[in-house]
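**Student:** Predicted model, plus sequence, below.
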Amino acid sequence: MSNYRACRMRTWLTAMALSAIMMCLLGELMIQGQQMVAKASYPIIYGAGLGRIIAIDVEAGTFTDAGALAPGMGTQAIAQSHETGYVYYLDRDEAPGDAAGVAYWDPATAQNTVISTAVLGFYPKRLDFAPDWTLYVMSDADEIGTVNPQTGAVSELLQVTGLVTGAYQGTGDMAFAPDGTLYLVTYRNLYTVELSSRTATLLYSDMIPSVPGNLSVWTGLAFCNFHLYGSAAFQDTNPDPGIYEPGIIIYEIDLGTGALTEIAGPIPATLDEVRDLASCEDPTNYTAVSLQTFSAQALTETAFWIIPALLTGFALLWRKKRQGSTHQ
């Protein structure tokens with residue numbers, strides 16, 4: 001074999017080796033990305049009441065007593081972090097001396113961690129993480145602010161306009177869609193809220209059944225696996241099986257029509273009342289996290305190996321080309 005042909009063969013083998021290395025590195029990177037995306041596909045949403053955490057399987061329509069809140073704490077405002085999976089909650093008590101503050105419950109261990117015992121000074125009714133991981137809270141006076149998940153500090157609360165009010169002030173819950181739209185239920189209505197103007201827009205009214213003289217209100221709202229779910233409380237002194245039963249019912253909400261599909265309930269009396277829901281670990285949110293990690297951390301680490309390899313390869317190819325030209 002001539003020197004020229006041998007040179008071309010070595011050049012070809014070098015290029016193939018570099019291609020194989022790059023494919024292996026990129027393949028590993030894609031596997032890591034897929035693993036991050038697949039991390040969350042759970043059908044579980046958590047609900048909370050005066051002192052318990054309730055796990056609700058929205059596919060099976062079942063309820064499980066998952067654990068207790070921190071001693072002395074009760075809540076009507078919970079939210080599950082898309083980053084850690086922790087279920088954060090704000091204590092419902094307002095007066096000095098109560099166990100007021102911010103805490104989270106770990107589903108993996110059923111243990112609580114109290115972040116802050118500072119008196120909140122308001123009654124938290126709604127809580128959820130936005131897709132950018134900002135934790136938002138709303139009071140029973142329909143005022144909205146943010147909570148620092150590390151310190152429990154709460155920002156200034158600002159008024160939201162356009163919501164119906166009544167004897168129970170602000171009821172219900174709020175939940176961010178994966179696209180960042182904020183949905184809110186209160187009394188028997190569903191709204192969207194524009195954060196920049198803090199203005200609510202009515203989507204559907206009188207969604208859940210009602211009997212004059214008896215209570216029926218939304219208590220919770222949660223997104224899970226691209227579906228919207230709501231919990232509604234019914235207190236009826238004269239139960240009518242043709243209308244509803246007393247207790248908590250979980251519905252799936254069709255955003256296109258406002259139609260409700262009952263998927264679970266009534267929650268047994270042995271379980272604490274579900275006074276709020278937390279959106280589950282939605283795969284859409286993890287997809288966003290995966291892409292951020294892919295572009296920032298994993299891509300940087302991969303580039304650490306690929307770029308030197310490419311530079312070396314180009315240098316070898318250029319050298320071989322010049323040698324080949326010399327031997328022609």
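**Tutor:** Everything's here; your move.

**Student:** Where does pLDDT dip in this structure?
**Tutor:** In the predicted model of the chain, residues 1-42, 93-100, 213, 236-246, 268-272, 282-328 satisfy pLDDT under 70.

**Student:** Walk me through the domains of it.
**Tutor:** Using automatic domain parsing, the domains assigned to the chain come out as 3-36+288-327, 41-281.

**Student:** The closest residue to residue 74 other than its chain neighbours sits in which helix or strand?
**Tutor:** Among residues not flanking residue 74 along the chain, residue 50 sits closest, at 4.1 Å (Cβ to Cβ, 6 or more residues apart in numbering). Using the backbone N, CA and C atoms, a C-beta is placed for each residue, glycine as well. Residue 50 belongs to no helix or strand when assigned by DSSP states H and E.

**Student:** So residue 50 versus residue 166, what's the distance?
**Tutor:** Residue 50 is 22 Å from residue 166, where distance means Cβ to Cβ, to the nearest Å.

**Student:** the more surrounded of those two?
**Tutor:** Taking other Cβ atoms under 10 Å, residue 50 and residue 166 do not tie; residue 50 has more neighbours (13 against 10).

**Student:** ok, the nearest residue to residue 247 once chain neighbours are set aside - how many residues close by?
**Tutor:** In space, and not counting its chain neighbours, residue 247 is closest to residue 266: 2.8 Å by Cβ to Cβ, 6+ apart. Counted with other Cβ under 10 Å, the neighbours of residue 266 add up to 16.

**Student:** what's the answer for residue 163, then?
**Tutor:** Count around residue 163 with other Cβ under 10 Å applied: 20.

**Student:** again with residue 85
**Tutor:** By the criterion of other Cβ under 10 Å, residue 85 has 16 neighbours.

**Student:** wouldn't it be in contact with residue 107 here?
**Tutor:** Yes. At 6.0 Å, residue 85 counts as touching residue 107 under the criterion of Cβ atoms under 8 Å.

**Student:** where do the strands sit along the stretch 1-150 of the chain?
**Tutor:** For the stretch 1-150 of the chain, the strands defined by DSSP state E, counting those that start in this stretch cover 44-48, 52-57, 62-68, 75-80, 87-91, 102-106, 111-116, 124-129, 135-139, 143-147.

**Student:** residues contacting residue 277?
**Tutor:** 45-47, 56, 78, 173, 175, 219-222, 229-231 (Cβ atoms under 8 Å, 6 or more residues apart in numbering).

**Student:** And those, which is closest to residue 149?
**Tutor:** The shortest approach to residue 149 among the contacts of residue 277 belongs to residue 78, at 12.8 Å (Cβ to Cβ).

**Student:** List the beta-bridge partners for the closest one.
**Tutor:** Beta-bridge pairing for residue 78 (DSSP bridges): residue 89.

**Student:** ok, now which ones touch it?
**Tutor:** Applying Cβ under 8 Å, 6+ apart, the residues contacting residue 78 are 46, 47, 48, 53, 87, 88, 89, 127, 276, 277, 278.

**Student:** Put together a markdown table for those, with distance to residue 179 on each row.
**Tutor:** Formatted as a markdown table, the contacts of residue 78 follow (distance: Cβ to Cβ, whole Å):
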| residue | distance to residue 179 |
| --- | --- |
| 46 | 22 |
| 47 | 24 |
| 48 | 26 |
| 53 | 28 |
| 87 | 23 |
| 88 | 22 |
| 89 | 25 |
| 127 | 20 |
| 276 | 22 |
| 277 | 19 |
| 278 | 19 |
